Structures are given as structure tokens and as C-alpha cells.
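[1] My questions concern the predicted model and sequence given below.
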Amino acid sequence: MAVAAETSTRTLVSRVQLNRPRGRVVYWTVLVLTLLVFSLVFLGPLYMMVTGGLKTTAEAIQSPPTLFPKKITPSTYGTAWTQLNLAQLLTNTLIYAFGALFFQLVFDIGAAYAFSKLRPVLGNAVLGAMLATLMIPAMVLIVPQYLTVIDLPVLHVNLLNTPWAIWLPSVANAFNIFLLKRFFDSIPQELLDAASIDGAGSIRILWSLVLPMSRPIISVVSIFALVAVWKDFLWPLLAEPSPTKQTLNAGIYSLSQGVPENVLIAASAISAVPTILFFLFFQRNIMAGLTAGSLKG
Amino acid sequence: MAAIEVLVSTTEPGPDPRRTPRRQGDFVRELRRNISAYGFLIGALLCFGLFSWYPMVREFIMSFQKQKLGRTRWVGMHNFNQVWNDPSFGQAWRNTLYFTLLALLLGYAVPFFVAVVLNEFRHARAYLRVVVYLPVMLPPVASLVLFQYFYNPEYGLFDHILHAVGLPTLQWLQSANTSMIAVVIASTWMNMGGATLIYLAALQGIPGELYEAAEIDGAGILRRVWHVTIPQTRLILSMLLMLQIVATMQVFVEPFVLTNGGQGVDNSTTTIVYLVYQYAFNFSNYGAASALGLLLLLVLVAFALVYRWISRRAEQ
């Protein structure tokens, strides 16, 4: 079906022009060149990363660099795993990512549902105040956020080195709420009214009516919530300074001094594996949600 | 595509849930609805309050304060004076603008060109899309560690390639002339997939008849790009320009990991946010860090206003 749709719409260059002998030659030349350049530019470094982690320290820093490891030493990966304590870093990152996902889903869906369907007094003003945070560049607030986390107002609790320092700030994501609210808005009110007449409370309506209908947008929000924590660098570096609490990103950065080049590359390769697998697995959903997620800026 | 529409369209209200006109006995029901609504909102409200709204106010207040030994005192404009007179201040701005300019050249224009070409292909599209987006998914430190390895002047891959094709080798990260360029190249590699795919989605929404008509009028490929492709994607083009400028002005991770802000290389990659980081976390001078952050915010807001003014005038 996709193929049929693609062939029926024309683009910059018409099919007729492409089907002429000269057009065909140009098309295939450009395509093959693009394939070569893209593979080289975008996969080449990844190849060097994986093979770099298979080299011995001496080979990793020899000049000129080798394309194939002369002596394949998978033990470099083992060394990286133990020396940089990657098991711990990986566990931490997983805990932070899935915890952030959980809290974002619970609180942001709740908020979006309230804004879209329950419409409380001052609801629009509150939503406006949330959306206004999108205008504030994230890096500008990093200092006061850090000070808030080390001494939470009123409670005077220090969240440093606890997962809460990553979980709770991740909830304050106006973009998620906005996306979810827009989607909830498209669910007909009559449906909710009918359920309400049947005696369903708002939690029940949310759980068995709104949520099942909102699967596409929830999967988009979820994927980007996980990826955001996985890719974040500065905040986890500040919020989880203890070596046993760090994320993969922050941990590899902090431990990178004095580690042999091949071990460091192997560690990077290991830290990249989960995201690459995740990407290949959820590729379709990510591509669909991308236009939404990456506009976060 | 749908997601773009979601973003572009303004928040128009949905159907009104207050289904029956207000009657006197409805007060209790209204109250109950409000209580349950704020029940659903409480988690998000607390998180926004603690980690967005309160820090915003605090940033502003702190920029007029000094903290010493646990005591806080008001110092008026002192922090602003201090950062203004810091010799790194001017350089950090120049570096940031230089990065933004180079990053836009590579990260804004090139993806558009790439997307226009990719959109013509009938084969291998899925592969090309996946490949170009793959680096976006990597943890940034993994990519940067790799690029640091490639940039090494003794055993790095890049110098080896330059040498192999007969070009002079470079010091990359170790020279004030090339360090920012090296940072931009790494940053573009890491990020260009996002812009490319957004452009691709936008290109797919252009009606083919427009190209048809332009072609009948005798427009060549370049003129079709100029008169059809660019006007048809103008909204996305201008939104991405805005977002990319705001994002690149806040660049931090790349110079921080690759060059440690250019320390030892004439501070050639010290950016504004890097300077904020230094004030706050190396010198514990939260006042100065807040003042500098506030200045960055002012510049970005001013930029956004000017940008909106220009785009409004362009529409008329």
C-alpha cells in the first residue's frame, strides 16, 4: 500500500524524467553515492567503535589506525565492564529511565485528563503557566534546580543521590501534557457522558475508556521519556554525583580519565547497545513520533 | 505529520464538559468536579512548582544576591557587573555565536538539502532514514568519546584520512583555530538526523500538482525548489530555525566533554552555558551564574520577539 501511495504522488523530479535513460543513470548514480556516503558517515564511526573495543591497547593507539583488529581481544569488553562498573551504571540508568517513565505517565496523563475533560476552575491559566515553561531554555534553570534538589523547600529534604532527583523533575514536562491533552481533546465527550451516566467515576473513565483509546500518543510519550533520560548528561552528572548512583553517560565521563583508549571505546560501545536495540525495535513508532518529540528543542 | 499539526495549531478549546446549564443545585457537583480535577493535577502541579516555577523565580532573585558561608545578602547589580567585566564574557558570547552560526550552516541547511534528495529516492529509503537517525539515539558521551578518539592528532582516524589524501593534518581539539569546528562537526553528526526526518515528513506533504504546474511553466529543478519546495515547507523551516538557534545557543555537552570548554586552548570553546557551569559548580558563585543565565535568557527572549516581528511582517 505504501509503495502504491509513493509511486502515485510525484515529487520534485517527475517519473517521466526519471524513466528516461539519462534520468535513470543520474538517479542510480546519486542513489548509490548517497548510500555509500551515508553508510560511511553514519555507520563508519559505529563500526570503528565496535571494532575499537576489540583491539588491544597498543593497537588502539597505533598510527595509522587499523580498519580490522589484528588480534581480536573480546576481553577488552570484559575489562570495560568491570573497570568502569558498567553493570551498576546500566542498572542505575534503567531505574532512572523507567521510574521517570512511570511518574511522567501517571502525573502527566492525570494532568492532561484534568485539563481536557474535567476542566477545573483556572484550568486554562494553570495550563498556560505550564506551557510557558517551554519558553525558558532548560540550561538557564539548571542552577536553581540544582539548589532546589539539594534543599527541597518547606520539607528541607536533600534529594541528591536519590532517584527522585531525576524522576520528579522529569514530570515537569509541558510538552508531554500538551501532546496528551490535544489527543484527549479529540475523544468525543458523548462517549464519556455515556460512561458517566452508567455510573463510571472519572478514574474509571480514564482507565477503561480514555487510556485504551490513547495508545498511539502514550507510546510516543513513553519512548521519548525513556530516550530523554538515557541521553541526558548534565543533570544526572549534577544530581547523582556518587559513583554508585551515576548514569551511563555521567559515569563514563567521570571515569574516562586514565582509562586506556580501547577500554573507554568498549565502554561507550556497551552504553550504546541498549539504545540501538531499542531504536531498531521501536523504529516505526519513533519515526512516527519523532516530529513531535524532537521539536522539544 | 500529525504531530506537526498538533504543534502548529493553536490550543482551541474542545467540547465543553459542563453539559447542563448551571442550576442552583449544581454547586455541589461543580465543587466535586473541581476537587477531582485538582486531584488528577496535584502530582504535575507539585513537580512544576518545585522544579520549574520556583526555580524560575529563584533564578531571578539569586541574580541579585551573593551567598557566602550559608548567608545570603542583596548586592544589587554586582553580579551582573562581575560577569560583564569577566574577560571570558565577551569571548564566551563570540564562541557561542560562532558555534550557532556553524551549527546552523551544517545542521540546518545540510539536512534540508539531504531531505530534498532523499525524498526523490524510490529505493532504500527506510535504510537511509534509519541510518541518518541512528546517531541521534546514541548516548552523547559515547559519541563524544568516539569523536575525541578520531580527533587525536597522534593516532586519530581523521588526521590519517587527511594524510592519506595529501592534505595537511590538523591539531583538531588542541588548536584554537580548529577546536570549535571540531566541536560543530561532532555535534552535527550527533544531531542532524532529527532535522532531516522532520524535513522529510514536511516534504511528503507537498502536493505533486504544484511541481507539475511549475514544470509545465518551464521551471527547472532549482527553480522548483525555490518556488515550490521552500514556500511549501516554510512553516517547518522557520520553526526549526527558531528552535535550532535557541538550542545551539545553549550548547554545553559537546564542548564540555570534547575540550573541557577549551581550557588550555585559549578558551576557544568556552560557551555561555559552560561559563554558567563554571561559575556555579567550580567557583560556587551562584549569584554570578544566575546573572549570566538571566542574561542568556534575555538575549534568547529578545531574539524570539524580533524573530516573531520579522516573520509577522514577512507574512503581510
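    Yes, it's here.

[2] For chain A, give me the ranges with low pLDDT.
    Judged by pLDDT under 70, chain A has its weakly predicted residues at A:1-8, A:290-297.

[3] tell me, what residue is most central in it?
    The structure's chain A has its C-alpha centroid closest to A:Val227; by CA atoms, centre = their mean the separation is 1.7 Å.

[4] Do the longest helix along chain B and chain A come into contact?
    Counting by DSSP state H, the longest helix found in chain B is helix B:286-315. Yes - interface with chain A: helix B:286-315 contributes B:Tyr286, B:Ala289, B:Ser290, B:Gly293, B:Leu294, B:Leu296, B:Leu297, B:Leu300, B:Val301, B:Ala304 (CB under 8 Å from any CB of the partner chain). For the C-beta atoms, the positions are set from N, CA and C on the backbone; glycine is no exception.

[5] one step back: so where does the residue nearest to the centre of chain A fall, helix or strand?
    Using DSSP states H and E, A:Val227 falls within helix A:215-231.

[6] mind listing what's buried in that helix?
    A:217-218, A:220-231 (16 or more other CB atoms under 10 Å in any protein chain shown).

[7] nearest to B:Ser36, of those?
    Distance to B:Ser36 across these (CB to CB) is lowest for A:Ile218, with 21.4 Å.

[8] Quick check: A:Phe175 touching A:Thr133?
    No - under the criterion of CB atoms under 8 Å, A:Phe175 makes no contact with A:Thr133, lying 9.4 Å away.

[9] anything in contact with each of the two?
    Taking CB atoms under 8 Å, 6 or more residues apart in numbering or on different chains as the criterion, A:Phe175 and A:Thr133 do not both touch any residue.

[10] Assumed B:Thr72 was part of a helix.
    No - if the criterion is DSSP: H, G, I helix; E, B strand; the rest coil, then B:Thr72 is strand and not within a helix.

[11] If you drop the residues flanking it in sequence, what lies closest to it?
    For B:Thr72, ignoring the flanking residues on the chain, the nearest one in space by CB to CB, 6 or more residues apart in numbering or on different chains is B:Gln65 at 5.3 Å.

[12] My read is that the one you found contacts B:Gly287, right?
    Yes - between B:Gln65 and B:Gly287 there is a contact at 5.4 Å, judged by CB under 8 Å.

[13] Give me the common contacts of these two.
    Contacts common to B:Gln65 and B:Gly287, judged by CB under 8 Å, 6+ apart, are B:Val75, B:Asn79.

[14] the more surrounded of these two?
    B:Gly287 (27 against 18; other CB atoms under 10 Å in any protein chain shown).

[15] how near is the nearest residue to the more buried one once chain neighbours are set aside to A:Ile150?
    Sequence neighbours aside, B:Asn79 is the residue nearest to B:Gly287 in space, at 4.3 Å (criterion: CB to CB, 6+ apart). Distance, B:Asn79 to A:Ile150, using CB to CB, to the nearest Å: 20 Å.

[16] Give me the more crowded residue out of these two.
    Using other CB under 10 Å as the criterion, B:Asn79 and A:Ile150 rank with B:Asn79 on top: 24 against 14.

[17] Does anything pack onto the helix or strand hosting B:Phe60? Which helices or strands?
    If you go by DSSP H and E, B:Phe60 is part of helix B:54-62. If contacts are counted by 3 or more CB pairs under 8 Å, 6 or more residues apart in numbering or on different chains; DSSP states H and E, helix B:54-62 sits against helix A:142-150, helix B:286-315.

[18] Using the three-state scheme, assign A:Thr162.
    coil.

[19] What about it, how many residues nearby?
    For A:Thr162, using other CB under 10 Å, the count is 15.

[20] What of A:Leu152?
    Neighbour count of A:Leu152, defined by other CB under 10 Å: 16.

[21] residues in contact with it?
    Per CB under 8 Å, 6+ apart, neighbours of A:Leu152: A:Asn158, A:Leu159, B:Leu50.

[22] Of those, which is the nearest to B:Gly70?
    Proximity of those to B:Gly70 (CB to CB) peaks at A:Asn158, which lies at 14.6 Å.

[23] what angle do the helix or strand hosting B:Ile185 and helix A:215-231 make?
    In the assignment (DSSP H and E), B:Ile185 maps to helix B:179-203. Angle of helix B:179-203 versus helix A:215-231, following axes from the mean of the first three to the mean of the last three CA atoms, to 10 degrees, is 170 degrees.

[24] buried sites along stretch A:44-62?
    A:45-46, A:48-56, A:59-61.

[25] ditto for stretch A:131-150
    A:133, A:136-149.

[26] near chain B, from these?
    Among the buried residues of stretch A:131-150, chain B is touched by A:133, A:136-148 when using CB under 8 Å from any CB.

[27] now the spatially most central residue of chain B: how far from B:Gly76?
    The structure's chain B has its C-alpha centroid closest to B:Ala247; by CA atoms, centre = their mean the separation is 1.8 Å. According to CB to CB, B:Ala247 and B:Gly76 sit 33 Å apart.

[28] quick one: the strands in chain B?
    Per DSSP state E, chain B carries strands over the ranges B:65-68, B:71-74.

[29] Quick check: which of those is buried the most?
    With neighbours defined by mean count of other CB atoms under 10 Å in any protein chain shown, none of the strands of chain B is more surrounded on average than strand B:65-68, at a mean of 15.
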